[in-house]
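Have a look at this prediction, sequence included:
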Amino acid sequence: MRKVQDYYFKKAKKEKYPARSVYKLEEAQQKHKLLHSGDAVLDLGCAPGSWSMYAARAVGPQGTVVGVDLQECKPFTVAGGATVHLFQGDVTDADMLARIRAIGSEYDAVLSDIAPRTSGNKWVDQQLSLRLSRTVFGIATALLKKGGNFYCKVFEGEDVKEFIDEVRGHFKSTRIVNPKSSRNESREIFILGLGFLARPGTGLEQVDV
């Protein structure tokens, strides 16, 4: 896909982030403070690493960041930042979930900028995105600490409202975020859940290991 060298592309390059997508997380962090010093953060669909890198800076040296992606994410360190663990593989695999839980049994924040391989068919792509986001949400309900936060991308379209309502039932506060750094032609929105309620039985059985 052609890289559009817009303001955020150039800003990311200047600030040494591997992708402009970092500012979608930065905007949410600056406004809603979903990451805190010392947090354990799980970043799903982390490649090429911008969100994990930003999270490592945000949570500081007492924090932990675990990033997972089907694609390889090059290892990095952040001066004065969190310990970062990067895994390549399918987050829904039992072995991968076991590796995530070996780092931490619970997480303060679950992040996801994950997107499907697009087909060009808007309806198909939206349904694939929704399916991925529901999978991420299932993992979040299984791994989030009470009071934890959730920030997840999904493509706008059919059935998204139902998904948003489902997320809303698990958090003290839920809102839709439309980052300024999203491209004008993009159909993506971000669902932000703050204050996980940790109700009994909210974790999905298929992600238990």
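Perfect, I can see it now.

Only the buried residues of stretch 30-46, if you could.
Within stretch 30-46, the residues that count as buried by 16 or more other C-beta atoms under 10 Å are 34, 35, 39, 40, 41, 42, 43, 44, 45, 46. In short, each C-beta sits where N, CA and C put it, glycine included.

of these, closest to residue 127?
Closest approach to residue 127 among these (C-beta to C-beta): residue 45, at 17.2 Å.

so that closest one sits right up against residue 87, yeah?
No. If you go by C-beta atoms under 8 Å, residue 45 and residue 87 don't touch, sitting 11.9 Å apart.

Quick check: neighbours shared by the two?
68, 69 (C-beta atoms under 8 Å, 6 or more residues apart in numbering).

Count the neighbours of residue 89 for me.
12 (other C-beta atoms under 10 Å).

how about the strands in the protein?
40-44, 64-69, 83-88, 107-112, 144-155, 171-177, 188-196 (DSSP state E).

Tell me the span between the first and last residue of stretch 30-40.
Distance across stretch 30-40, first residue to last, is 18 Å (C-alpha to C-alpha, to the nearest Å).

Same question for stretch 27-41.
The first-to-last residue distance of stretch 27-41 comes to 17 Å (C-alpha to C-alpha).

Equivalent analysis for stretch 36-53, please.
First-to-last residue span, stretch 36-53, C-alpha to C-alpha: 14 Å.

among the helices and strands of this protein, which has the poorest mean pLDDT?
Counting by mean pLDDT, DSSP states H and E, the chain has its least confident helix or strand at helix 7-14, which shows a mean of 88.

Enumerate the positions of that one that are buried.
Within helix 7-14, judged by 16+ other C-beta under 10 Å, the buried ones are 8, 12.

any chance of the strands of the chain in JSON lines, with distance to residue 28 too?
What follows is the strands of the chain, written out as JSON lines (distance: least, C-beta to C-beta, whole Å):
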{"stretch": "strand 40-44", "distance to residue 28": "13"}
{"stretch": "strand 64-69", "distance to residue 28": "16"}
{"stretch": "strand 83-88", "distance to residue 28": "20"}
{"stretch": "strand 107-112", "distance to residue 28": "9"}
{"stretch": "strand 144-155", "distance to residue 28": "6"}
{"stretch": "strand 171-177", "distance to residue 28": "5"}
{"stretch": "strand 188-196", "distance to residue 28": "6"}
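
Now do the contacts for residue 150.
Here residue 150 is in contact with 109, 110, 137, 140, 144, 167, 171, 191, 192, 193, 196 (C-beta under 8 Å, 6+ apart).

ok so, going back, run through the neighbouring helices and strands of the least confident helix or strand of the chain.
helix 22-32 (3 or more C-beta pairs under 8 Å, 6 or more residues apart in numbering; DSSP states H and E).
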